[in-house]
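1. all I have is the shape, not the residue letters:
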């Protein structure tokens, strides 16, 4: 039983192979007329009249086989036409790669040209007239000018450890939102300490003396006004006028110190 | 939302220190919890760490406000203190100005305080010193319903004589000494922020 089955299977397979091989070569009594521009093939051989007058399924099968054969011939004719590959030798993939390569090459050229025309404003050797920012810039350039691009250079005690930015410092980077609140607090307290230390400290004695002097000057001015003598009044007013202005200026200077840290 | 940069922190602390001096430490370093400043859409907010952790779960576009808004950075990166910071700064303020009842309404409308409206001023206030403005009214500020409430019985006597309610911020235009000598129509306190802004700028306050 099994052997018979196997034979049947093999026979069926062989039949299919033959069919496949047959399918690409077609024999016709009369050659077809082709209009390849309109994808048209005209078959003038009259079909077998006996088949047409037969039953519907058999007629269908006959017509289908006829159509398949003619289509095969048409397609074969189409392939005979002269043809070339659309993307050149490598096809569309290669074309894309070539275009990308060209774009990058032009971009590199442009970048090099831009960098070449920019004259570096800060000289790399010390001139003695450089500002803090210029020196910092030069130090950074010197750091990066090693074979490892500065990754293994030792840092000074207060120099911040910056990771090299690939965008050349164009993108701003902020502290993480929730990272290390205790560190943030200590940094702020240190900042406050620095800010407070720069303010001049109040000198109580000086402030008190100034206050007393002002009051004396005011008292003197009041006394001078009370005196009816014009000359004396004029002189007294002049003196107190000068004093109040001077002490006023000093008062202004001292008050902000007193006010902010008092 | 992000933490403040060094420069921004310095600007904020500069402004705050003009009003509360070195008491900023008490805002930064609090015994009852970790509080921090965060920047969101150019506004500086002061909030506790607990609140901050909760706020991170809201998408940026939908986040309107968090904690207390202390002020905002203008387009030219100057820090403007807003009235919503009043409750945090008033307890630590060193220089205070009391405004007479007649001109406190004028201050609440956004005008400067003239010498004629000045009641009291802390001694030794320097010129251009940041001050907190109080009202000297014998009647509490929110007049109508509160007095009715008193009659309905808050129990005991309401001591109104020393009532001084918080009005806003200002900058002293003249030092205390000069305030005594200057004429009544001169400006003595420049207006910075007042509680009337809660009504006037209701839409822009966050």
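-> Cool, got the structure. Computed from a prediction, not measured in an experiment: that's the story for all the values here.
2. what bits of chain A have low per-residue confidence?
-> A:1-2, A:20-27, A:87, A:119-122, A:163-164, A:200-206, A:228-262 (pLDDT under 70).
3. that one: strands as residue ranges?
-> Applying DSSP state E to chain A gives strands spanning A:33-35, A:40-42.
4. can I get those in CSV including mean neighbour count?
-> From N, CA and C alone the C-beta is placed, and that goes for glycine too. Formatted as CSV, the strands of chain A follow (neighbours: other C-beta atoms under 10 Å in any protein chain shown):
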stretch, mean neighbour count
strand A:33-35, 12
strand A:40-42, 13
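5. mind listing the helices for the chain?
-> Let's take chain A. Remark: helices assigned in chain A by DSSP state H are A:2-23, A:49-52, A:56-80, A:92-117, A:132-144, A:181-197, A:204-226, A:230-261.
6. wrong chain, I was asking about chain B
-> Assigned by DSSP H, chain B shows helices spanning B:6-20, B:24-28, B:49-55, B:86-89, B:101-108, B:143-153, B:176-181, B:197-200.
7. mean pLDDT lowest for which of the ones you listed?
-> Lowest mean pLDDT within those: helix B:143-153, at a mean of 39.
8. ok, which of the helices of chain A comes nearest chain B?
-> Taking C-beta to the nearest C-beta, helix A:230-261 is the member of these nearest to chain B, at 3.5 Å.
9. residues from chain B in reach of chain A?
-> B:1-3, B:5-6, B:9-10, B:13-14, B:17-18, B:21-22, B:24-25, B:28-29, B:34, B:36, B:38, B:49, B:52-53, B:56, B:94-95, B:124-129, B:175, B:177 (C-beta under 8 Å from any C-beta of the partner chain).
10. among those residues, which ones are buried?
-> With burial judged by 16 or more other C-beta atoms under 10 Å in any protein chain shown, the buried subset of the residues of chain B next to chain A is B:3, B:9-10, B:13, B:17-18, B:21-22, B:24-25, B:28, B:36, B:38, B:52, B:94-95, B:124-129, B:175, B:177.
11. thinking again about what came up before, next, format the strands of chain A as CSV and append distance to residue B:77.
-> Below are these laid out as CSV (distance: least, C-beta to C-beta, whole Å):
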stretch, distance to residue B:77
strand A:33-35, 77
strand A:40-42, 77
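12. so which of the ones you listed is nearest chain B?
-> Ranking the strands of chain A by proximity to chain B (C-beta to the nearest C-beta) places strand A:40-42 first, at 62.1 Å.
13. who does the closest one pair up with?
-> Next to strand A:40-42 in the sheet, as set by DSSP bridges, lie strand A:33-35 (antiparallel).
14. off-centre distance for the strand it pairs with?
-> 59 Å (C-alpha atoms, centre = their mean, to the nearest Å).
15. what are the contacting residues of that strand?
-> Residues outside strand A:33-35 that contact it (C-beta atoms under 8 Å, 6 or more residues apart in numbering or on different chains): A:40, A:41, A:42, A:44, A:74, A:77.
16. show me what contacts the second one?
-> Translated: residue A:41. The contact partners of residue A:41, by C-beta under 8 Å, 6+ apart, come to A:32, A:33, A:34, A:35, A:70, A:71, A:73, A:74, A:77.
17. nearest spatial neighbour of it, skipping sequence neighbours?
-> Once flanking residues are discounted, residue A:41 sits nearest to residue A:74: 4.1 Å by C-beta to C-beta, 6 or more residues apart in numbering or on different chains.
18. wait, that neighbour sits on residue A:32?
-> Yes. Shown here, residue A:74 and residue A:32 form a contact pair, counting by C-beta atoms under 8 Å, at 7.5 Å.
19. so, in contact with chain B or not, stretch A:212-226?
-> Yes. Using C-beta under 8 Å from any C-beta, stretch A:212-226 reaches chain B at residue A:214.
20. confidence-wise, which helix or strand of chain B is lowest on average?
-> helix B:143-153 (a mean of 39; mean pLDDT, DSSP states H and E).
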